[in-house]
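Asker: Coordinates for the following, if possible.
(chains A, B and C)
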Amino acid sequence: MTLYTAEKLVIITEKLICEKVCSIITKAGATGYTLTPAGGKGSRNKRSTADRATVVDDFSNVKIEVIVSDKAMAEAIVEEVAHKYFNNYSGIAYVEDVGILRQFKFNHAELNNSQ
Amino acid sequence: MTLYTAEKLVIITEKLICEKVCSIITKAGATGYTLTPAGGKGSRNKRSTADRATVVDDFSNVKIEVIVSDKAMAEAIVEEVAHKYFNNYSGIAYVEDVGILRQFKFNHAELNNSQ
Amino acid sequence: MTLYTAEKLVIITEKLICEKVCSIITKAGATGYTLTPAGGKGSRNKRSTADRATVVDDFSNVKIEVIVSDKAMAEAIVEEVAHKYFNNYSGIAYVEDVGILRQFKFNHAELNNSQ
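Answerer: Predicted coordinates:
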């Protein structure tokens, strides 16, 4: 089995803007993303609704993960998200190198079209 | 503290087949795995039960993470999972290099046996 | 956009000690962390409250993620957490290299102070 190099973009932000962020991701050309409930404490103390540092069952944030084919797409998404929302909403973003095991997930739509 | 190189295998798929996938993982020799609720939008539009792209509170998928000692075990697991289930169920899989901080977690069972 | 190299420390452990672990993280100088509900099966069989290997909806563990500037801080946190808790509670920890897209998140507090 061959591993294909790809990038995983992770954006952790407030649930409130999840749909808007996902819309940016989809418009950028990504074919999918994964959402996970998240809570925590951010550097601006905005990632928790309570004063206590750790409210384990308060998952008012969301972790959005997107596998993209290169860093350029990841950066384009983050640039737009950060520009539009990170002045007013809490958020953090980072990328990780991954080896993807089913490369066709990237371009399944294209594969379908070409069949 | 020494960091031991290992691989993290991530499989995001439908909750329905979670137990079957975890059974494959265990039989492959992994000593543990972590499950996280997940939602999202997949390239086959199967990773959400609704038509709307982002249904934040619909976590009908599961993210399965396994730390394995090498890529060969990760690939063996994914080969079997993909072969058995990814034609009929939505799924994506990738591996990441990690530095593990408690190496004995890999072979704790063996350590117990040898004591 | 420039990517800044950083480390992501991941600790998966029992919810019971989440606040104590997060307190160690904060005292070590990290400005934030992310919590995600987690379940699963550990090598010591302590990461599930039931005997069945996979109880998908039983998220009695927590995944704690921290972005830190270097491996030394990650290791200092894990050393203390492992020393204090991993003899009595189930836990695993690992680090991943990440490219951080908003570096100021690391030292936002300092930026605020210096303004």
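
Asker: show me the contacts for A:L16.
Answerer: Residues near A:L16 by CB atoms under 8 Å, 6 or more residues apart in numbering or on different chains: A:Y89. C-beta here means a position set from N, CA and C on the backbone, and glycine is covered the same way.

Asker: Run through the residues of chain A sitting next to chain B.
Answerer: Chain A comes close to chain B at residues A:1, A:3, A:6, A:8, A:15, A:18-19, A:22-23, A:26, A:31-37, A:62, A:67, A:96-102, A:105-106, A:108-109, as judged by CB under 8 Å from any CB of the partner chain.

Asker: Give me the distance between the two termini of stretch A:64-80.
Answerer: 15 Å (CA to CA, to the nearest Å).

Asker: Run through who's touching that stretch.
Answerer: Identification of contacts with stretch A:64-80 by CB under 8 Å, 6+ apart yields A:6-13, A:18, A:21-22, A:24-25, A:28-30, A:32-36, A:93, A:95, A:98, A:100, A:105-106, B:92, B:94, C:1, C:3, C:99, C:101-102.

Asker: Tell me the buried residues in stretch A:22-37?
Answerer: In terms of neighbour count (16 or more other CB atoms under 10 Å in any protein chain shown), stretch A:22-37 has its buried residues at A:22, A:24-26, A:28, A:30-37.

Asker: Over to that stretch now: how far is its first residue from its last?
Answerer: 15 Å.

Asker: pLDDT (mean, whole number) over that stretch?
Answerer: The pLDDT scores in stretch A:22-37 average 93.

Asker: and that stretch, anywhere near chain C?
Answerer: Yes: judged by CB under 8 Å from any CB, stretch A:22-37 and chain C are in contact via A:T36, A:P37.

Asker: tally of neighbours for A:Y94?
Answerer: For A:Y94, the count of nearby residues is 24 (other CB atoms under 10 Å in any protein chain shown).

Asker: show me what contacts it?
Answerer: Counted by CB under 8 Å, 6+ apart, A:Y94 has contacts A:L9, A:V10, C:A6, C:K8, C:I67, C:V98, C:G99, C:I100, C:L101.

Asker: Grab the nearest non-local neighbour of it.
Answerer: Nearest non-adjacent residue to A:Y94, counting by CB to CB, 6 or more residues apart in numbering or on different chains: C:V98, 4.3 Å away.

Asker: partners of the host helix or strand of that neighbour in the sheet?
Answerer: Per DSSP states H and E, C:V98 falls inside strand C:91-100. Partner strands and pairing direction for strand C:91-100 (DSSP bridges) are strand A:91-100 (antiparallel), strand B:91-100 (antiparallel), strand C:4-14 (antiparallel).

Asker: So, low pLDDT: which residues of chain A?
Answerer: Filtered on pLDDT under 70, chain A yields the residue ranges A:1, A:43-57, A:102-115.

Asker: Could you identify the longest helix within it?
Answerer: helix A:71-85 (DSSP state H).

Asker: Enumerate the positions of that one that are buried.
Answerer: So helix A:71-85, judged by 16+ other CB under 10 Å, has buried residues A:K71, A:M73, A:A74, A:E75, A:I77, A:V78, A:V81, A:A82, A:Y85.

Asker: Pick the one among those closest to B:K41.
Answerer: A:I77 (14.3 Å; CB to CB).

Asker: And that closest one, how close does it get to chain B?
Answerer: Going from A:I77 to chain B by CB to the nearest CB, to the nearest Å gives 14 Å.

Asker: can you tell me how far that residue sits from B:G91?
Answerer: Distance, A:I77 to B:G91, by CB to CB, to the nearest Å: 23 Å.

Asker: just A:G42 next, same as before
Answerer: 32 Å.

Asker: Tell me the gap between the longest helix of chain A and the middle of its chain.
Answerer: Taking CA atoms, centre = their mean, to the nearest Å, one finds the center of helix A:71-85 at 10 Å from the center of the full chain.

Asker: what is the orientation angle of it with strand A:4-14?
Answerer: 10 degrees (axes from the mean of the first three to the mean of the last three CA atoms, to 10 degrees).

Asker: tell me the SS of the residue in chain A positioned nearest to chain B?
Answerer: Going by CB to the nearest CB, chain B is nearest to A:T31 of chain A, at 3.7 Å. Here A:T31 is recorded as coil under DSSP: H, G, I helix; E, B strand; the rest coil.

Asker: residues touching A:V21, list them.
Answerer: A:V21 neighbours (CB under 8 Å, 6+ apart): A:I11, A:T13, A:I64, A:V81, A:Y85.

Asker: if we go to 10 Å?
Answerer: Residues near A:V21 by CB atoms under 10 Å, 6 or more residues apart in numbering or on different chains: A:11, A:13-14, A:33, A:35, A:62, A:64, A:66, A:77-78, A:80-81, A:84-85, A:89, A:91, A:93, B:54.

Asker: same question, A:K63
Answerer: A:10-13, A:18, A:34-40, A:92, B:36, B:38, B:63, C:34-36, C:63, C:65.

Asker: relative to strand A:4-14, how tilted is the helix or strand hosting A:E19?
Answerer: Element membership for A:E19, per DSSP H and E: helix A:18-27. If you take the same axes, to 10 degrees, helix A:18-27 sits at 160 degrees to strand A:4-14.
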